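In: coordinates only, no sequence provided:
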């Protein structure tokens, strides 16, 4: 068991896992994610496309091996932190007055013609040291940022939170689309990559979809006016590009739209006139016998509409296809019966396509990044440093030993020690 823990907590394993995650994250950036399987074969060729699908590079951040590598990296970080914490805690709790004056790090010694008491008073009053009597002299200490020995664990905890957030997002989150037709409501989200559908515990109703245009006619913005219906709780919200709706931890982004046109047609048969509305996938029955089917349409300008209709006799199976142009009546005869069709107008119903995303781990990621920035500031700008001054009485003066210890910046630390020594020498020269 100890051997397994040793391997899991190995720095080499951490480097390997970090390399794996970094490399495949690059693939996840370069290769479009979440596309149809056929897309990869068409764009990358059969061999490379199949390799991408096999290695799950088409959905890197939700693949089992990426999630597994994240989990191992999290485990490695926790074990490393636990194993190294006792040493950091020991350094944090260590009493600086226990130091041996003859073995001080970055040691610098000299003699001055002043009494021990005079030097001690100067160091305490002017340099901010505290003193403690020793057998043969006085040891003075100035301790800075001692809690800095533990600051690296703020960074460790931040990494744990970030990785934990990524794992929660991969395992518990989802991404998909919601299609809303004007005037209708839905709670169904179609997940990407044909992973099925999920039903939310509240509904969205599309009240109105509209587009705003620039003066040159280009589309400026898509806007969905929706009502959120959660039991008896209702409220209206505008969803625009880069202005999503966020509710119950789920974000709804304006992704796209589609038009669902219906064409108003006047039909005369003998003395009878009838107004019908024909739409794609929605045939209309005339006289309980004839079907009017919309097969194609062109609606670039509301004053010039062209549609293709198919008139079918359900009793005989006979049919007739014809084009109908706005304000130009068309006479059609089928199975001995005469019809006169007139295209009088068009009505467009919009379908708003919303991208739906839930990432319950996002809060952990945000807190983790905030904690990481704070931790890095502590690590690099609040380094723990300890300065010692040992005073020992001698004939005609005092022997002074100045030393210091720090985790980094040892060259600068020696300059600081020499600076302290110079201040003491000048004070009694």
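Out: It's in. Predicted model, so just to flag it, every value in this text is computed and none were measured.
In: can you tell me the element residue 225 falls in?
Out: If you go by DSSP states H and E, residue 225 is part of strand 219-230.
In: I'd like the next helix or strand past that strand.
Out: The element immediately downstream of strand 219-230 (helix or strand, assigned by DSSP H and E) is strand 233-240.
In: then residue 378 would be within a helix, right?
Out: Yes: per DSSP: H, G, I helix; E, B strand; the rest coil, residue 378 lies within a helix segment.
In: for residue 147, see how far away it is.
Out: 8 Å (CB to CB, to the nearest Å). All C-beta atoms are positioned from the backbone trio N, CA, C, and that covers glycine.
In: contacts for the strand holding residue 225 next, please.
Out: Residues from elsewhere that reach strand 219-230 (CB atoms under 8 Å, 6 or more residues apart in numbering): 180, 185, 201-214, 234-241, 245, 247-248, 252, 254, 256-257, 352, 354.
In: how about 7 Å then?
Out: Residues from elsewhere that reach strand 219-230, judged by CB atoms under 7 Å, 6 or more residues apart in numbering: 185, 202-214, 234-241, 245, 247, 254, 257, 352, 354.
In: can you turn the buried part of those into a ChimeraX selection?
Out: Burial among these is assessed by 16 or more other CB atoms under 10 Å; the matching ChimeraX selection reads:
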select :185,202,203,204,205,206,209,237,239,245,254,257,352,354
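In: more neighbours: residue 378 and residue 147, which one.
Out: residue 378 (19 against 10; other CB atoms under 10 Å).
In: I'd assumed residue 151 was in contact with that one.
Out: Yes: using CB atoms under 7 Å, residue 378 is in contact with residue 151, at 3.6 Å.
In: about what we covered before: tell me which of the contacts of strand 219-230 fall in strands.
Out: 185, 202-213, 234-240, 245, 247, 254, 257, 352, 354 (DSSP state E).
In: now the helix or strand of the chain with the lowest mean pLDDT: how far from the chain's centre is it?
Out: Lowest by mean pLDDT, DSSP states H and E among the helices and strands of the chain is helix 2-8, with a mean of 76. The chain centre lies 32 Å from the centre of helix 2-8; the measure is CA atoms, centre = their mean, to the nearest Å.
In: neighbouring contacts of it?
Out: Helix 2-8 is contacted by residues 13, 75-76, 79 when judged by CB under 7 Å, 6+ apart.
In: number of residues surrounding residue 172?
Out: 11.
In: just use 555 as the starting number from now, easier for me
Out: Got it, the first residue is 555 from now on, which makes the last one we talked about residue 726.
In: is it in contact with residue 914, as I believe?
Out: Yes: at 5.1 Å, residue 726 and residue 914 qualify as touching, with contact defined as CB under 7 Å.
In: and the lengthiest helix in the chain, what's its mean pLDDT?
Out: Longest helix in the chain by number of residues, with DSSP state H as the criterion: helix 618-647. For helix 618-647, the mean per-residue pLDDT is 88.
In: again with stretch 575-593
Out: The average pLDDT for stretch 575-593 rounds to 82.
In: got the end-to-end distance for it?
Out: The first residue of stretch 575-593 is 25 Å away from its last residue (CA to CA, to the nearest Å).
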